[in-house]
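J.: sequence? don't have it. structure:
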């Protein structure tokens with residue numbers, strides 16, 4: 001019988017939240033809990049795909065490397081989020097790198113047993129497809145932002161999407177946030193400094209307080225320069 005903590009983690013995942021208890025228990029039987037230390041590699045691009053993952057706690061990054069070794073972060077993932085779903089359908093290898101930013105607990109859903117379950121239970125397939133569609137929409141949005149918006153607009157949009165009650169708590173080091181937004185750490189620091197000087201933000205370590213959400217929205221939309 002799977003541990004209660006594993007079942008709770010699966011139940012809280014958006015991909016599985018609409019499934020009944022019997023199906024959740026069946027999925028939980030496949031779960032393989034794993035723990036990774038900070039900066040430990042979960043998988044590398046080209047590794048044989050052994051399944052997909054659910055983050056239970058901690059922070060995980062998924063990234064690509066350019067030919068000259070430069071890292072670009074595709075996703076920063078926290079509790080309840082899944083990654084590497086596409087790899088179980090598209091071939092035998094992972095399509096990017098993954099690493100725990102800090103000590104993280106994850107659940108591995110092994111490839112072949114999970115695919116067998118999908119053949120038996122179409123409802124799970126539909127939920128997984130919906131979850132992957134959300135990921136695809138997020139990737140398309142990220143490409144649009146990187147291609148069409150300048151650095152200040154990209155940062156403003158990122159902060160607006162991540163705020164809760166006017167505050168953003170950065171879950172990763174600023175250098176990683178910069179990579180995710182397609183800019184250098186120096187550029188990110190300059191933008192934070194300028195926005196703080198204009199009274200748009202208050203920055204204290206990784207805690208960002210949005211003092212003027214209207215101005216930040218105008219910057220995100222490209223309607224205001226600074």
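T.: Received it, and whenever you're ready, just let me know what you need. What you are looking at is a predicted structure, and each value in this text was computed from that prediction instead of being measured.

J.: Mind jotting down where the strands sit in the chain?
T.: 32-36, 41-43, 51-57, 60-65, 71-77, 82-83, 97-100, 104-110, 167-169, 201-204, 207-210 (DSSP state E).

J.: would you turn the ones you listed into CSV with mean pLDDT and mean neighbour count?
T.: Every C-beta, even on glycine, is put in place using the N, C-alpha and C of the backbone. Putting those into CSV (pLDDT from 0 to 100; neighbours: other CB atoms under 10 Å) gives the following:
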stretch, mean pLDDT, mean neighbour count
strand 32-36, 96, 15
strand 41-43, 97, 18
strand 51-57, 95, 21
strand 60-65, 93, 18
strand 71-77, 87, 18
strand 82-83, 90, 22
strand 97-100, 97, 21
strand 104-110, 96, 21
strand 167-169, 88, 14
strand 201-204, 91, 15
strand 207-210, 92, 17
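
J.: now for those, which one comes closest to residue 177?
T.: Checking the strands of the chain against residue 177 by CB to CB gives strand 71-77 as the closest, at 7.8 Å.

J.: ok, back up a step: with respect to residue 130, which of the strands of the chain lies nearest?
T.: Shortest separation from residue 130 across the strands of the chain is recorded for strand 82-83, at 11.9 Å, computed as CB to CB.

J.: partners of the closest one in the sheet?
T.: Sheet pairing for strand 82-83, assigned by DSSP bridges, gives strand 51-57 (antiparallel).

J.: residues in contact with the strand it pairs with?
T.: For strand 51-57, the surrounding residues in contact (CB atoms under 8 Å, 6 or more residues apart in numbering) are 5, 9-10, 13, 32-33, 42, 60, 77-85, 87-88, 98, 104-111, 114.

J.: what do you get if the cut-off is 6 Å, keeping everything else the same?
T.: Residues outside strand 51-57 that contact it (CB atoms under 6 Å, 6 or more residues apart in numbering) are 9, 13, 77, 79, 81-85, 88, 105-111.
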